[in-house]
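*Asks:* kindly generate the corresponding structure for this input.
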Amino acid sequence: MTPILYWMRRDLRLTDNPALTQAAETGRPVIPVFIHDEVVADWGAAPSWRIGLGLEAMAGRLEEIGARLILRRGRALDVLRDLIEETGADTVCWNRLYVADERARDTEVKAALEADGIEALSHQAHVLFEPWTVETKTGGYYKVYTPYWKNVRDRALAPPLAPVETVTAPETWPASDDLSDWDMGAAMNRGAAIVANHVHVGELVARDRLVTFVEEKMDRYVAGRDDLAVDGTSGLSENLTYGEISARECWFAGQKALHDGEGQAETFLQELAWRDFAHHLAYHTPQLTKSNWRPEFDAFPWEWETEKVEAWRRGVTGVEVVDAAMRELFVTGRMHNRARMIAGSYLTKHLMTHWRLGCDWFADTLIDWDPASNALGWQWVAGSGPDASPFFRIFNPETQAQKFDRRRRYRDRWLKTEDFHAAIPRSWNMSPDDPYPDTPIVGLGEGRERALEAYRSRDAA
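*Replies:* I've put the predicted structure just below:
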């Protein structure tokens, strides 16, 4: 009856949680712990704040089944060793993650614990198909999404696990930090109060969102997900990134809808598989999140920090749909997926800015930040990544706005919202009374030609 330490990370749920389920089924005492470790310490403002909200919700869920969430701060291996000594635990279990810094931490922890004589058990929970299980016919990894999708679309998956309803408690609970002492929202400053109106926190909320999406939005998903003014997506990226719902539960809901005759459900399944594809690539090519996946772009003449980049961040480029997108991001912590492509293309092509600056800004401001998906999305739009949109494919923001925001509802909503000025840093010295730019900081035709010339020159060199 020695305790098991369940090390929680991006899996804030009781349902379909393999590590927690297996620990609970042993009948031994289970001690859930979340560690503010070396990986979490590097997170940006919005993800840090958002996981703090998720931890608060998860603590309540654990109390319902007779458990407590133990919070500790420090290097993961050191904290786990301290807890093992304090509790007498001889087993540590967790659910696997696949991005480079997560894997490096987990590999070190597993090797060290096993050397200490501690059982270290890891499980699959964050993705549908683990990266090493999806191979090409020659045994390699996939670099293009379409054949990846064809490989996994009809694969059998075990059904989601039932929610854990009870766990055995230890005779004495170890001490825990107070979540409020961590001040997870410190870097959000006054923006937290604004973004808080747009979050959907916790497992119960996430599962309700899935049901609502399937019943009310799935039949309009293909067109609705591209319409900037329509709430046409599931919104579940926020919950998936912290594991408040499992990808497998979403997959089975989509498969059932498809089986019941809803043809648009396949597009939803493809989006879930694209998320898996991002982690597939992050596992096999760790450079995805930090450097150009295509090394030929290392010599590309992208610019770095400029006044134009700052104008992009602040939503004052003079290109309405781009600025609306950047303001939506600051108010809600999210950005419409179509708008992400438009804003990303404008930054990397019209402004000739390295994708890393956009990627890092999103990592600081997105509440649904996923390191693999964020990097893949930016490298896709910049042309430097696997299966990317070619660099010479340059989104025209005006054309995109005419097509996906015909009635201007998206642009008018976010360009005129007072919440933006209530959320931004005071140091920006921006006021609702400031006039909107008369002309773009870089003309669309001018920026397009400069980008194409840089691309042609690179090929000629």
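*Asks:* pLDDT value on S373, please?
*Replies:* Looking at S373, its pLDDT is 98.
*Asks:* got the contact list for the closest residue to it other than its chain neighbours?
*Replies:* Nearest residue to S373, sequence neighbours excluded (Cβ to Cβ, 6 or more residues apart in numbering): A278, at 4.5 Å. For the C-beta atoms, the positions are set from N, CA and C on the backbone; glycine is no exception. A278 makes contact with 370, 372-373, 375-376, according to Cβ atoms under 8 Å, 6 or more residues apart in numbering.
*Asks:* same for the helix or strand harbouring D323, what does it pack against?
*Replies:* Element membership for D323, per DSSP states H and E: helix 320-332. Judged by 3 or more Cβ pairs under 8 Å, 6 or more residues apart in numbering; DSSP states H and E, helix 320-332 is in contact with helix 191-195, helix 307-314, helix 337-345, helix 355-365, helix 397-404, helix 409-416, helix 419-423.
*Asks:* now that helix against helix 409-416, angle please.
*Replies:* Here helix 320-332 points in a direction 60 degrees away from that of helix 409-416 (axes from the mean of the first three to the mean of the last three Cα atoms, to 10 degrees).
*Asks:* list of residues touching helix 320-332?
*Replies:* Contacts of helix 320-332 (Cβ under 8 Å, 6+ apart): 191, 194-195, 198, 228, 312-317, 334-336, 339-340, 342-343, 346, 362, 365-367, 397-398, 400-401, 405, 410-411, 413-415, 417, 419-420, 423-424.
*Asks:* same question for stretch 383-393.
*Replies:* 143-146, 281, 285, 288, 292-294, 297, 300, 348-349, 355, 375-376, 378-382, 451-452, 455.
*Asks:* in the chain, where is pLDDT below threshold?
*Replies:* For the chain, the stretches flagged by pLDDT under 70 are 459-461.
*Asks:* ok, back up a step: can you flag the buried ones in the contacts of helix 320-332?
*Replies:* Among these, those classed as buried by 16 or more other Cβ atoms under 10 Å are 191, 194-195, 228, 312-317, 334-336, 339-340, 342-343, 346, 362, 365-367, 397, 400-401, 405, 410-411, 413-415, 417, 419-420, 423-424.
*Asks:* for the residue nearest in space to the middle of the chain, which non-adjacent residue is spatially closest?
*Replies:* In the chain, the residue lying closest to the centroid (Cα atoms, centre = their mean) is D370, at 2.2 Å. Excluding the flanking residues, the one nearest D370 by Cβ to Cβ, 6+ apart is T241, at 4.5 Å.
*Asks:* now the one you found: how far from A206?
*Replies:* Plainly put, T241 is 11 Å away from A206 if you go by Cβ to Cβ, to the nearest Å.
*Asks:* who's more crowded, the two?
*Replies:* Higher neighbour count among T241 and A206: A206, with 28 against 24, using other Cβ atoms under 10 Å.
*Asks:* domain assignment for the chain?
*Replies:* Following automatic domain parsing, one gets these domains for the chain: 1-124, 127-156+193-284, 295-460.
*Asks:* distance check, the residue nearest to D370 against V109.
*Replies:* Taken as Cβ to Cβ, the span from T241 to V109 is 22 Å.
*Asks:* ok so, going back, how about the contacts of A278 in a markdown table, adding distance to L161?
*Replies:* Output for the contacts of A278, formatted as a markdown table (distance: Cβ to Cβ, whole Å):
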| residue | distance to L161 |
| --- | --- |
| D370 | 22 |
| A372 | 24 |
| S373 | 24 |
| A375 | 30 |
| L376 | 28 |
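*Asks:* closest one to R73 out of these, please.
*Replies:* For the contacts of A278, the closest approach to R73 (Cβ to Cβ) belongs to D370, at 23.3 Å.
*Asks:* isn't that closest one up against L236?
*Replies:* No - between D370 and L236 there is no contact under Cβ atoms under 8 Å: 11.7 Å.
*Asks:* so which other helices or strands are in contact with the top strand by length along the chain?
*Replies:* In terms of residue count, the longest strand belonging to the chain (DSSP state E) is strand 30-36. Packing contacts for strand 30-36, counted by 3+ Cβ pairs under 8 Å, 6+ apart, involve strand 4-8, helix 18-25, strand 70-73, helix 76-87.
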